[in-house]
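Predicted model, plus sequence, below.
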Amino acid sequence: MKTNTLFQPTPSPYRSDLARPQQLVSASSLASLLAASHGAWRVLEVGTGAPADYLRGHIPRAGYLDTAELECAPLWNKVDDDALLACLLAHGIGHDTTVVLYSRNLVAAARAAHLMLYAGVGDVRLLDGGFTLWEQGGYPLERGAARPVLAASEFGLPFPACPHYLIDTAQARSLLAAPAGVLASIRTYEEFTGQTSGYCYITARGEIAGARWGHAGAAGDVNSMSDFHQADGSMKPACEIAALWARAGIRPDRDVAFYCGTGWRASLAFFYAWLMGWERISVYDGGWYEWSRDSSNPVVNGYNASLIPTAGL
């Protein structure tokens, strides 16, 4: 893999807690890059539907990636590998392209980041705090449609290069039965305890039997990951996230698959664990939506709240 020497920002001191600090980009580092160079890198805003907000103002030189290019109905699992490959090539991305992702809803960018790592893109980076911190920092914006991009002719590696980063329902069942296996539910307390499904299009309430609660965010908000973020929306110190998970038996010495309703929040948990150097990790793409549609899958409704660690909530 060739090394991109154009984008080597110095991580903020507080990010020295990460095994992969360069993959979490501060707004100031990204601004320095944009001011200094052009090179073999792509900045992409990840959104859903008509990009009205993007057109009104986005990070300069950023392209636009719609999540509809990455996942599809009815379950909103990832598109097939041929379609994912075509998407990446169309956006000018090969295995050795540096890709910086951001969004106005951080879990959307995380969804793209996880699938790019699954594909085998070797240098995937996430803007810490997303568009919100960029805008609040007073950094420049660009208006209008995305600039044309030259499509990549080939990916450069067998595709996908990291299939172990994603598991299906059969693999999720096997993981539950494995002594070192953990299914980590990245859902709100209300979802985990069966008080709500969390989604207008998911009717089933409950949780995968044997799952461990990995936290998420604010009640009633399936886009919130506030349990993992500082007040300004940036990632909490790794030790705080690791401690939150450890209380539920979610540890780096186990085989951990993160899931949520349809994959977005789980992708951010995966990315943060990956930043922290966890290697035995994946995302269960189908999540609660797919699991709950099969009556043969064991479900628990109404976890005993007294058994769920609450310290740090």
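Looks like it came in fine.

list the buried ones in the lengthiest strand in the chain?
Ranked by residue count and defined by DSSP state E, the top strand of the chain is strand 41-47. Neighbour-count burial for strand 41-47 flags 41-47 (criterion: 16 or more other CB atoms under 10 Å). In this view, the C-beta of every residue, glycine as well, is placed from N, C-alpha and C.

So among the residues you listed, where is pLDDT lowest?
Of all the buried residues of strand 41-47, W41 has the smallest pLDDT value, namely 86.

okay, now the nearest residue to that residue once chain neighbours are set aside: neighbour count?
Nearest non-adjacent residue to W41, counting by CB to CB, 6 or more residues apart in numbering: T98, 3.8 Å away. T98 has 22 neighbouring residues, counting by other CB atoms under 10 Å.

picking up where we left off before, tell me which two of the buried residues of strand 41-47 sit farthest apart.
Greatest spatial distance among these (CB to CB): W41 and G47, at 19.7 Å.

tell me the contacts of the residue nearest to T169 when sequence neighbours are not counted?
In space, and not counting its chain neighbours, T169 is closest to G286: 5.2 Å by CB to CB, 6+ apart. Listed by CB atoms under 8 Å, 6 or more residues apart in numbering, the contact partners of G286 are 75, 77, 168-169, 172, 259.

Mind jotting down where the helices sit in the stretch 151-300 of the chain?
169-177, 189-192, 238-246, 264-275, 287-292 (DSSP state H, counting those that start in this stretch).

Pipe those into a markdown table and attach mean neighbour count and mean pLDDT per row.
As requested, the helices of the stretch 151-300 of the chain are exported to a markdown table (neighbours: other CB atoms under 10 Å; pLDDT from 0 to 100):
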| stretch | mean neighbour count | mean pLDDT |
| --- | --- | --- |
| helix 169-177 | 15 | 98 |
| helix 189-192 | 22 | 94 |
| helix 238-246 | 17 | 97 |
| helix 264-275 | 26 | 98 |
| helix 287-292 | 24 | 97 |
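
ok, F228 - contacts?
215, 217, 235-236, 241, 268-269, 272.

can you pull the buried residues of the worst-scoring helix or strand of the chain on mean pLDDT?
Least confident element among the helices and strands of the chain, by mean pLDDT, DSSP states H and E: helix 27-36 (a mean of 88). Within helix 27-36, the residues scored as buried using 16+ other CB under 10 Å are 27, 29-31, 33-34.

Right, I'll call it a day here.
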